[in-house]
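> sharing a model prediction with you, sequence too.
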Amino acid sequence: MNETKFCINCGKEIPANATFCSFCGTDQKTAATAETQTDATATTGKQPTPPEHTNMWTALKLGMKQTFTWSQRITRPQYWWLYLDLVLIALILTFTLGLKVYSFPAFAAHVNVLQAVLLLIYSALMSWISVMQFTAGARRLHDSNRSAHYLWFSLIPIVGPILIIVFMCQRSKPAGERFDRLASQPKPWTHKWWTWCLLVLFTLLYAGSVNIVARENAVDSALTTTSNSDSTSDSDDSYTDSDSYDDSDSTDTDSESDSSSDTDSITVGDDDIDISDQKTYNTSYSDSSWTGSTFKIDKVTVYKTDGAYTIGSGSDKRDFNGVVKVHMSIHADRDISAYPTQAKLSTNDGQQVDADMDSDDFDGDLNSGTDTDGNLYFELSKLSSVKDITSIRLKWDASYDTDDYDDDNDFKTYDATLNLN
């Protein structure tokens, strides 16, 4: 039986003594030289070093060593152990850094230094393991005697990835030796300048795409918050005509307005409250002294109820015959937590009450760039006339997260006094 060998270029089976491939015409001298060296090794009694046992650790070491290696092969166990390693590493990176970097952008109107550092670290590591996975796929195809160009099949929806998986699962073929092209003194990829340039480029591209997604997430979150606050405000406005005031009345020289209504009632939570009198005041309170975030109060309305109403239960049960409604808007210049719906209100006649639990839900954790607004409701236990309330004092808290233990500005208690006249 005639002995055969495989072409070093196309992998076709040809006679062992052939000098040129009859299929592609490639000179086979390289193969002859390799065979001569193999025979010499066998003659001198030197045996090849047995391969290291393949496991997760050895596969990862090989993958790291051959991150930018294309023209060699990797066995089926080595490839799938490496694949498992990279999947686990990607999951760890996602849960430790990915959730943080995708939560809000590092590069927006202002650069968040800590977020930018985390983004670059995450992007560099993800780019590295992506390159490692890609080149390992090329070497696995070589081991099955296929060109790395078969990776283009992955661009075909559904069918392409399935074909790639089938190719990756096939056994090694001796003809794949044609891809074993070693340099005389190969340099590690860490000693080549172009590999580092590629890693930096991939890192910047990956970081840019993550930052874009993070910005879209922040915008969507802000729009959702604003939409919720707007719908709540619209609902509050529909509670009663007495809650709104006529634009024609705003032309009065006095900022306060005695507005009459058709329904003479307001709704707080699930309760409809009849009113006998009301007075609305336009205010101009604005505070931007903390983190650049702005808190504004532009309108205060005092209601006198038609009779006494009861709120609470048990020991917290109490009667009230007056309601103060405060309209507030917030612009967050950074990620903050603000809680005006937990505010305390003091009046000029000595009453102090907490905000009603049914106040608008427009506060809490606010992302940078968020604009939101809503109404706060305070029930007064005693109110003879809406004119009795001439000033109110409002206190609420706000804060932000920081890892700087020396940052004394991470907590703020707002204290606003408004004269109603």
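Thanks, I have the structure now. Numbers count the residues shown, from 1 in each chain.

> so for the residue nearest the centre of the chain, what's the pLDDT?
Nearest to the mean C-alpha position of the chain, by C-alpha atoms, centre = their mean, lies Tyr102 at 2.0 Å. Confidence at Tyr102, expressed as pLDDT, is 88.

> let me see the contact set for it.
With contact taken as C-beta atoms under 8 Å, 6 or more residues apart in numbering, Tyr102 is in contact with Val210, Val213, Ala214, Asn217. Where C-beta positions appear, they are placed from N, C-alpha and C, glycine not excepted.

> repeat for Met132
For Met132, the set of contacting residues under the criterion of C-beta under 8 Å, 6+ apart consists of Gly63, Met64, Thr67, Leu82, Leu86.

> and the residues you listed, which of them are in helices?
With DSSP state H as the criterion, helices contain Gly63, Met64, Leu82, Leu86 from among the contacts of Met132.

> quick one: buried ones out of these?
Under a neighbour-count criterion of 16 or more other C-beta atoms under 10 Å, the subset of the ones in helices among the contacts of Met132 counted as buried comprises Gly63, Leu82, Leu86.

> Lys344 touches Asp397, doesn't it?
No: distance between Lys344 and Asp397: 10.2 Å, which falls outside the contact criterion (C-beta atoms under 8 Å).

> can you classify Ala214 by secondary structure?
In three-state terms, and counting by DSSP: H, G, I helix; E, B strand; the rest coil, Ala214 is helix.

> show the model's pLDDT score for it.
Ala214 is given a pLDDT of 85.

> go ahead and confirm it touches Leu99.
No: Ala214 lies out of contact with Leu99 (C-beta under 8 Å); the separation is 10.9 Å.

> between the two, tell me which one has more neighbours.
Looking at Ala214 and Leu99 with other C-beta atoms under 10 Å, you find the greater number of neighbours at Ala214, namely 21 against 9.

> before we move on, back to that, make CSV out of the buried ones among the ones in helices among the contacts of Met132 and add pLDDT.
Formatted as CSV, the entries for those read as follows, by pLDDT from 0 to 100:
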residue, pLDDT
Gly63, 89
Leu82, 92
Leu86, 94
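
> so for Tyr245, what's the pLDDT?
If you check Tyr245, the pLDDT there is 38.

> buried residues in stretch 123-143?
Of the residues in stretch 123-143, those with enough neighbours to count as buried (16+ other C-beta under 10 Å) are 123-129, 131-133, 135-143.

> ok, stretch 412-420 next?
The neighbour-count check on stretch 412-420 (16+ other C-beta under 10 Å) flags Lys412, Tyr414, Ala416, Leu418, Leu420 as buried.

> need the max-distance pair from those.
Using C-beta to C-beta, the two most remote members of the buried residues of stretch 412-420 are Lys412 and Leu420, lying 24.7 Å apart.

> Thr280: which of the contacts of Met132 is nearest?
Thr280 lies nearest to Leu86 out of the contacts of Met132, by C-beta to C-beta, at 63.6 Å.

> spit out the contact partners of the closest one.
When contacts are counted by C-beta under 8 Å, 6+ apart, Leu86 touches Gly63, Ile129, Met132, Gln133.

> over to the second one. Which of the three states is it?
Using three-state DSSP, the secondary structure recorded for Ile129 is helix.

> dump the residue contacts of it.
Under the contact definition (C-beta under 8 Å, 6+ apart), the residues listed for Ile129 are Leu86, Ile89, Ala90.

> those helices in the stretch 51-200 of the chain, which residues are they?
56-65, 76-93, 99-101, 113-143, 159-168, 193-237 (DSSP state H, counting those that start in this stretch).

> which one of the ones you listed is the most hemmed in?
The densest packing among the helices of the stretch 51-200 of the chain, expressed as mean neighbour count by mean count of other C-beta atoms under 10 Å, is seen in helix 113-143 with a mean of 19.

> angle of that one against helix 56-65?
Orientation note: helix 113-143 sits at an angle of 100 degrees relative to helix 56-65 (axes from the mean of the first three to the mean of the last three C-alpha atoms, to 10 degrees).

> what about helix 113-143, average pLDDT?
On average, the pLDDT along helix 113-143 is 91.

> same check, this time on stretch 187-206
91.

> show me what the helix or strand hosting Ile14 is packed up against.
Counting by DSSP states H and E, the secondary-structure element that holds Ile14 is strand 13-15. Counting contacts by 3 or more C-beta pairs under 8 Å, 6 or more residues apart in numbering; DSSP states H and E, strand 13-15 is packed against strand 4-6.

> quick one: Val268 and Val323 touch, right?
Yes: using C-beta under 8 Å, Val268 is in contact with Val323, at 7.0 Å.

> joint contacts of those two?
Where contact means C-beta under 8 Å, 6+ apart, the residues bridging Val268 and Val323 through contact with each are Tyr377.

> which pair in the ones in helices among the contacts of Met132 spans the largest distance?
Taking C-beta to C-beta, the two most distant members of the ones in helices among the contacts of Met132 are Met64 and Leu86; they sit 10.5 Å apart.

> from one end of stretch 369-385 to the other, what's the distance?
In stretch 369-385, first residue to last residue: 41 Å (C-alpha to C-alpha, to the nearest Å).

> and stretch 392-401, average pLDDT?
Confidence for stretch 392-401, expressed as mean pLDDT, is 93.

> report the buried residues of it.
Judged by neighbour count (16+ other C-beta under 10 Å), stretch 392-401 contains these buried residues: Ile392, Leu394, Lys395, Trp396, Ala398, Ser399, Tyr400.
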